[in-house]
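1. sequence first, then the predicted structure:
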There are 2 protein chains.
Amino acid sequence: MPDSILESRLRVDLTAVVITVLDGEPLVLTVQRDDGKGVGLPSGPLQRGHRSLQEGLRAWVERQTNRRLGYVEQLYTFADRRPEGPDHPESDDYQAVSIAYLALVPDPGEDVPLEGRWRHWYGFFPWEDLRQGVSPARTLMLGRMHDWAAGRRRPADRSCRERVDLVFGTGETFDEERTLERYEMLYEAGLVAEAMLDHGETPPADILALPGLPMMADHRRILATAISRLRAKIKYRPVLFELMPPAFTLSDLQRTAEALSGVALHKQNFRRLVAQQGLVEETGELATDTGGRPARLVRFRREVLLERPAPGVRLGARTRTAGA
Amino acid sequence: MPDSILESRLRVDLTAVVITVLDGEPLVLTVQRDDGKGVGLPSGPLQRGHRSLQEGLRAWVERQTNRRLGYVEQLYTFADRRPEGPDHPESDDYQAVSIAYLALVPDPGEDVPLEGRWRHWYGFFPWEDLRQGVSPARTLMLGRMHDWAAGRRRPADRSCRERVDLVFGTGETFDEERTLERYEMLYEAGLVAEAMLDHGETPPADILALPGLPMMADHRRILATAISRLRAKIKYRPVLFELMPPAFTLSDLQRTAEALSGVALHKQNFRRLVAQQGLVEETGELATDTGGRPARLVRFRREVLLERPAPGVRLGARTRTAGA
DNA sequence: CTACTAATGCTCAAAGTGAGCATAACCTTT
DNA sequence: AAAGGTTATGCTCACTTTGAGCATTAGTAG
């Protein structure tokens, strides 16, 4: 078969995971699709007139959110396939290629009308929030994964159960960066509603009742990709500051880091790392609304971007939580 | 203007950076374009029948190289624009979206006929090889960058010269992961032939005479992206072993690590790190062709992929080279 | 004035890292 | 067979980075 017949032109979509942190809670910008497909990420086709992929995305999101995006980085490119349900037998064609981006905006406030809505990350991934130790949602999902693992024989010498424990982490060994792996494992186990929807089935009530809101198409997977990337990246690039106001306290910074990483951090060590690396400088002012001793206000030293090779906010030790 | 008019369907290309290491030299698979565009990376359109993007790429490269790809990872998605030369005034359309992948194959040997050719990395990026200390090519390019920096006034307080020194590294501070940044800086300075070709001009002889072979379109940039990613990744994922034969010596492994990272490593510390992390196990055999004391042969412990969260080959200290 | 809260300062042991000396086991040459 | 070259491997030691926690400070609320 000559290639020219097989080749096809495709729609190219730009999809945005727009993240912010408000009052210590990580939020993602979502849109509600009219066609009943549910909650999704803002997304639009690459158009003539977009000067570049990233410019296309910026234009697209700014039109929707009325605010300029600061930090934007490409995440991953996915090929959406037509659903393989009974309606589309043997459909071997792509619907679109979708290029996903991660964008960070500082505290959005409530002043600007949004076409779309900020939602909590952990509404979609309740098992990813370990800040208060183990959440009931995490325990429940881990239990379900163990049930699933028990009912499987894997060819590998490592048992499936061990794999689950490794990826989900038992207590101290939770690796916050493996959000995507955890989602994919849950998907494989059929514990997320999308796994059924993708096969054209209606998820049974007991799946829908599990913690974790679904999203349309593969958007929850894209969000998981974004979370994994962001959790890794804050450690070696100063992206955290893209989410901060011009002046902030070290505790604010730590709260933001904890919001994203989903774990509680050791306070003294966190500030030691931030201070040692010269990531911030004092403004000279104090924040008096702390409830305790006033905190010094600091600002990000933009110069470090030019000075140091990998100036991330290394997170340091976590605080030990009883049952985490 | 309604979106539907602006929307366009595009060709989606899959581009592969296929890497191997042979006798301590890092190689990349290239193809020579008939149309006189020069050397490029293997690349082909996404076709109906490809089950996924990655499968498309695998099929595509396997057909060309007659060997299965092992490790494959998505690199980045680029939008190629129509050249803006005099022939295409105001052309505001994309030629294609190109999704680039990084693939690793073990020692290719010479047995299989290739449509394409393995070429040395450092033929395209001579300034990236610091294994023997500073190369003349690096000194030359750094000097040219200094000339360029001297002729510029930047608004930032940091001088342009300091930025150059930071990204290129002076002696001890060379950061091997910043290959892409260095390439982009050279591009900005007009010191790579592509910078002129992209503007429809013929590069003058003195640019073409500079070290570093050009590639067609933005393929050299894609290769730089791959090198940056790979140099970073070997430190926290055991991808190095994708390039090794089933049994190898620790010196072989180190040579491969040095080939990729472009720096010479401290031997004893390198083996300490590899040993401590349990990345390899002994086969019990010895390699007697070392020229000195025979080396123990080891194999990669695939189990570590399941055991440890980030089992990379941390590179450890570099050997101090006189003028590096 | 006291209790409470959060910020900040400081210590200390354990682990990880950079650098280099010393020894072992093979080969080739004398 | 001994000497000398070459590479592999073992080990030490100072220094830095990290994990963890104690102690003190400076506000607010009663």
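-> Okay, I see it.
2. residues contacting the closest residue to residue A:32 other than its chain neighbours?
-> In space, residue A:32 comes closest to residue A:39 once its chain neighbours are excluded; the distance is 6.0 Å by C-beta to C-beta, 6 or more residues apart in numbering or on different chains. Where you see a C-beta, it was placed from the backbone N, CA and C, and this is true even at glycine. Neighbour list for residue A:39: A:30, A:31, A:32, A:33, A:119, A:213, A:214, A:215, A:216, A:219 [criterion: C-beta atoms under 8 Å, 6 or more residues apart in numbering or on different chains].
3. distance check, residue A:39 against DNA strand C.
-> From residue A:39 across to DNA strand C, the span is 34 Å (C-beta to the nearest atom of the strand, to the nearest Å).
4. which strands and helices sit next to the helix or strand hosting residue A:305?
-> For residue A:305, the enclosing helix or strand under DSSP states H and E is helix A:304-307. Judged by 3 or more C-beta pairs under 8 Å, 6 or more residues apart in numbering or on different chains; DSSP states H and E, helix A:304-307 is in contact with helix B:160-168.
5. give me the contact list for the helix it packs on.
-> Residues outside helix B:160-168 that contact it (C-beta under 8 Å, 6+ apart) are A:306-307, A:309, B:127, B:138, B:142, B:145-146, B:148-150, B:152-154, B:173-174, B:178, B:181-182, B:185.
6. try stretch A:255-274
-> Applying C-beta under 8 Å, 6+ apart, the contact partners of stretch A:255-274 are A:21, A:24-26, A:122, A:128-132, A:174, A:176, A:227, A:230-231, A:234, A:240, A:243-244, A:250-251, A:253-254, A:280, A:313-319, A:321, A:324.
7. are any of those residues buried, and if so which?
-> Using 16 or more other C-beta atoms under 10 Å in any protein chain shown as the burial test, the contacts of stretch A:255-274 include A:21, A:26, A:122, A:128-131, A:174, A:176, A:227, A:230-231, A:234, A:240, A:243-244, A:250-251, A:253-254, A:280, A:313-316, A:318, A:324 as buried.
8. and DNA strand C, which of those residues reach it?
-> Restricting these to those touching DNA strand C (C-beta under 7 Å from any atom of the strand) yields A:250, A:251.
9. helices - which of the buried ones among the contacts of stretch A:255-274 land there?
-> Using DSSP state H, A:122, A:227, A:230, A:231, A:250, A:251, A:253, A:254 are the members of the buried ones among the contacts of stretch A:255-274 that sit in helices.
10. dump these to JSON lines, plus distance to residue A:271.
-> Converted to JSON lines, those look like this (distance: C-beta to C-beta, whole Å):
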{"residue": "A:122", "distance to residue A:271": "25"}
{"residue": "A:227", "distance to residue A:271": "25"}
{"residue": "A:230", "distance to residue A:271": "22"}
{"residue": "A:231", "distance to residue A:271": "20"}
{"residue": "A:250", "distance to residue A:271": "5"}
{"residue": "A:251", "distance to residue A:271": "9"}
{"residue": "A:253", "distance to residue A:271": "9"}
{"residue": "A:254", "distance to residue A:271": "8"}
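11. residue A:217 contacts residue A:40, correct?
-> Yes - assessed by C-beta atoms under 8 Å, residue A:217 is found in contact with residue A:40 at 6.9 Å.
12. what about those two, which has more around it?
-> Shown here are residue A:217 and residue A:40; by other C-beta atoms under 10 Å in any protein chain shown, residue A:217 has more neighbours (23 against 19).
13. just to confirm, which helix or strand has residue A:80 in it?
-> Using DSSP H and E, residue A:80 sits within strand A:71-81.
14. let me see the mean pLDDT of the next helix or strand after that strand.
-> Per DSSP H and E, strand A:71-81 leads on to strand A:94-104 as the next helix or strand towards the C-terminus. Throughout strand A:94-104, pLDDT has a mean value of 90.
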